[in-house]
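Trainee: one predicted model, sequence on top.
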2 protein chains.
Amino acid sequence: MVKNLKARKKPKPTRIRDLEKTRRDILDAAFMEVFTRGFQGVSVDDIVKKTTHTKGAFYHYFPTKLDLGYALVDEVIKPMIIDRWISPLDTLQDPLAGILNQIKVLIDGAAPEELQLGCPLNNLVQEMAPIDAGFRDRLQVALLLWIDETNRHLQRAKKAGFIRADVDTRSAAYFIVMAHEGFYGMLKGLRDPRAFEALYESLDRFFQSISATPVHEEPLGASHCCHS
Amino acid sequence: MVKNLKARKKPKPTRIRDLEKTRRDILDAAFMEVFTRGFQGVSVDDIVKKTTHTKGAFYHYFPTKLDLGYALVDEVIKPMIIDRWISPLDTLQDPLAGILNQIKVLIDGAAPEELQLGCPLNNLVQEMAPIDAGFRDRLQVALLLWIDETNRHLQRAKKAGFIRADVDTRSAAYFIVMAHEGFYGMLKGLRDPRAFEALYESLDRFFQSISATPVHEEPLGASHCCHS
DNA sequence: TTGCTTACATACTAAATGGTATGTAACCTG
DNA sequence: CAGGTTACATACCATTTAGTATGTAAGCAA
């Protein structure tokens, strides 16, 4: 009866089955489970238990568990990289300062227990890249996307005079992504908050070493260059 | 008969059962398996298949699979850290240059397929730290060991005048260990050899930024400081 | 309304998993 | 050499695992 009521309003108003949503539900639940316990650490049953759906739905959308993993990289993690680390820099004049700031914002905004889970991309790289070619290829694409987009911003910063002319922006982009991975990885291993300060300070020092403007808006101690 | 022959030579010459060796065999095989496929990715059966022993031997020495994992951290990985990253610096005047050099030596000396396996410590941190407290504690101890010992060398370098006086050696030690983890992690994800050069170049730049001697024996391009 | 297709739910299976029970030969102590 | 203990090997078990077979209701085209 409720059904009829709704059904008469519009031609296609009530969808008891929401195609997009079901798939997305499974994908989102899978992301959280895999993020917290690793791909090999969660079972398909674990994942569906976290949704309102069942195994039938799972295997309707994903032929195998591996295919779900691949979808996780392509449809959840890649957009997340863009969303968290690339897009926020779009409107900034100096992306270099923006990257450091973004790290601080995301670290400060995250719950401590979330921080200990590390970086979703890095987790999957460490766990799955050596043992599955499908993961390996997709994770490499995701990493290169991050590096390429970071490089784009660095080139822009270089043109604008924020980065010294002798700096190879691509190498720096590699390093920045590497630092992210190492940073989150260390936070995961050392639950010491002092780790954050130490790492942040050293990252800042590196950024200053490639920066054309020796002092940032927030100088950490004195200027680090040319005062021996 | 061979047995008798040997047995007469010394009081306890022939050991059909070698207590230490059996345990070590299992530990070594487990290390390689876990290193390549992850702790959750290998089964106890997998491990014993790689040895000449059986499941009975395994559970004689290790009460559970988790206990084996803990032993891996304490008895294999921790000594490996000292062996690979700390001891080689003992005889060097300038540990800073030594660290960079050691990275190069170990990377060059490793087979490409071994490099793609990443760092044994980092692998376990990423996989197991969030899901098991026993691993978490031991891995943290291992990381802090690495950081503390690195710091010791940096303090020595600072006293000897190789590191600038304003540098916080402990922060730098954190950063160096972080860079190792990130470095190996990236090499694992990006199988591009150019990644190594890019990362190495940026690492070198960071080291120069904390170094008191602006130019190393192998200057990468011109001096990076004070020539704007 | 009819009838076909899609989107799931339920029940099941074969294999793998961590762990145990039990047997047995090696080793030590007396 | 007798008797007990240690160091394993073998066979087994309960549970979990990815994946499948089958049932069924929703949605749609005619």
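Mentor: Nice, I can see it. Numbers count the residues shown, from 1 in each chain, chains lettered A, B, ... in the order given.
Trainee: check what pLDDT A:Ala212 gets.
Mentor: A:Ala212 carries a pLDDT value of 86.
Trainee: how near is it to A:Ile103?
Mentor: Applying C-beta to C-beta, to the nearest Å, the value for A:Ala212 to A:Ile103 is 21 Å. Quick note: C-beta positions are derived from backbone N, CA and C, even for glycine.
Trainee: more neighbours: which of those two?
Mentor: Between A:Ala212 and A:Ile103, A:Ile103 has the larger neighbour count (other C-beta atoms under 10 Å in any protein chain shown), namely 21 against 15.
Trainee: ok, and the closest non-adjacent residue to the residue nearest to the spatial centre of chain A?
Mentor: Computing the C-alpha centroid of chain A and ranking residues by C-alpha atoms, centre = their mean puts A:Ile81 first, at 4.0 Å. What sits nearest to A:Ile81 in space, not counting adjacent residues and going by C-beta to C-beta, 6 or more residues apart in numbering or on different chains, is A:Trp146, at 5.0 Å.
Trainee: in the helix or strand hosting A:Ile99, what's buried?
Mentor: Here A:Ile99, judged by DSSP states H and E, is contained in helix A:95-109. The neighbour-count check on helix A:95-109 (16 or more other C-beta atoms under 10 Å in any protein chain shown) flags A:Pro95, A:Leu96, A:Ala97, A:Gly98, A:Ile99, A:Leu100, A:Asn101, A:Gln102, A:Ile103, A:Ile107 as buried.
Trainee: scan chain A for its longest helix.
Mentor: helix A:133-159 (DSSP state H).
Trainee: packing partners for the helix or strand containing A:Val48?
Mentor: Element membership of A:Val48, judged by DSSP H and E, is helix A:44-49. Taking 3 or more C-beta pairs under 8 Å, 6 or more residues apart in numbering or on different chains; DSSP states H and E as contact, the helices and strands that helix A:44-49 lies on are helix A:19-37, helix A:55-61, helix A:65-71.
Trainee: for chain B, find the nearest of the ones you listed.
Mentor: helix A:19-37 (5.4 Å; C-beta to the nearest C-beta).
Trainee: what helices or strands is the closest one leaning on?
Mentor: Going by 3+ C-beta pairs under 8 Å, 6+ apart, helix A:19-37 lies up against helix A:44-49, helix A:55-61, helix A:65-71, helix A:120-128.
Trainee: 6 Å instead, please
Mentor: helix A:44-49, helix A:55-61 (3 or more C-beta pairs under 6 Å, 6 or more residues apart in numbering or on different chains; DSSP states H and E).
Trainee: can you list contacts of it?
Mentor: For helix A:19-37, the external contacting residues (C-beta atoms under 6 Å, 6 or more residues apart in numbering or on different chains) are A:42, A:46-47, A:50-51, A:57-58, A:61, A:68, A:72, A:76, A:117, A:120, B:131.
Trainee: report all helices and strands that the helix holding A:Ile99 contacts.
Mentor: For helix A:95-109, the packing partners by 3+ C-beta pairs under 6 Å, 6+ apart come out as helix A:133-159.
Trainee: now check the helix or strand that the helix it packs on is followed by, is it near chain B?
Mentor: As assigned by DSSP H and E, the chain's next helix or strand after helix A:133-159 is helix A:169-189. Yes: remark: helix A:169-189 sits within contact range of chain B at A:Ser171, A:Tyr174, A:Phe175, A:Met178, A:Ala179, A:Glu181, A:Gly182, A:Gly185, A:Met186, A:Lys188, A:Gly189, by C-beta under 6 Å from any C-beta of the partner chain.
Trainee: what sits against the single nearest residue of chain A relative to chain B?
Mentor: Ranked by C-beta to the nearest C-beta, the top residue of chain A for proximity to chain B is A:Gly182, at 2.6 Å. By C-beta under 6 Å, 6+ apart, the contact set of A:Gly182 is B:Met178, B:Ala179, B:Glu181, B:Gly182.
Trainee: and the pLDDT for A:Cys226?
Mentor: At A:Cys226, pLDDT is 39.
Trainee: for A:Ser202, same thing?
Mentor: pLDDT, read off for A:Ser202, is 79.
Trainee: next, it: secondary structure please.
Mentor: helix (DSSP: H, G, I helix; E, B strand; the rest coil).
Trainee: now do the same contact list for it.
Mentor: By C-beta under 6 Å, 6+ apart, the contact set of A:Ser202 is B:Ser171, B:Phe175.
Trainee: what's the spacing between it and A:Ala57?
Mentor: 47 Å.
Trainee: what sits closest to the residue of chain A closest to chain B if chain neighbours are left out?
Mentor: Distance criterion C-beta to C-beta, 6+ apart; nearest residue to A:Gly182, sequence neighbours excluded, is B:Gly182 at 2.6 Å.
Trainee: kindly report the same for A:Leu154.
Mentor: A:Thr169 is the one closest to A:Leu154 (C-beta to C-beta, 6+ apart), at 3.9 Å.
Trainee: would you confirm that the one you found contacts A:Thr150?
Mentor: No: in this structure A:Thr169 lies outside contact range of A:Thr150 using C-beta atoms under 6 Å: 8.7 Å.
Trainee: with neighbour numbers in mind, choose between those two.
Mentor: A count of neighbours by other C-beta under 10 Å puts A:Thr150 above the other of A:Thr169 and A:Thr150, at 25 against 20.
Trainee: what about the helix or strand following the helix holding A:Ile99, near chain B?
Mentor: Helices and strands here follow DSSP H and E; after helix A:95-109, the next one along the chain is helix A:112-115. No: using C-beta under 6 Å from any C-beta, helix A:112-115 never reaches chain B; the gap is at least 8.9 Å.
Trainee: show me the contacts for A:Gln102.
Mentor: Neighbouring residues of A:Gln102 by C-beta under 6 Å, 6+ apart: A:Pro88.
Trainee: can I get the helix holding A:Val48 in PDB? Just the C-alpha atoms.
Mentor: Output of helix A:44-49 as PDB, limited to C-alpha atoms (Å, rounded to 0.1, in the frame of the first residue of the first chain):
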ATOM      1  CA  VAL A  44      33.700 -11.300   1.900                       C
ATOM      2  CA  ASP A  45      31.400 -12.400   4.700                       C
ATOM      3  CA  ASP A  46      32.900  -9.700   6.900                       C
ATOM      4  CA  ILE A  47      32.200  -7.100   4.300                       C
ATOM      5  CA  VAL A  48      28.600  -8.000   3.600                       C
ATOM      6  CA  LYS A  49      27.900  -8.200   7.300                       C
END
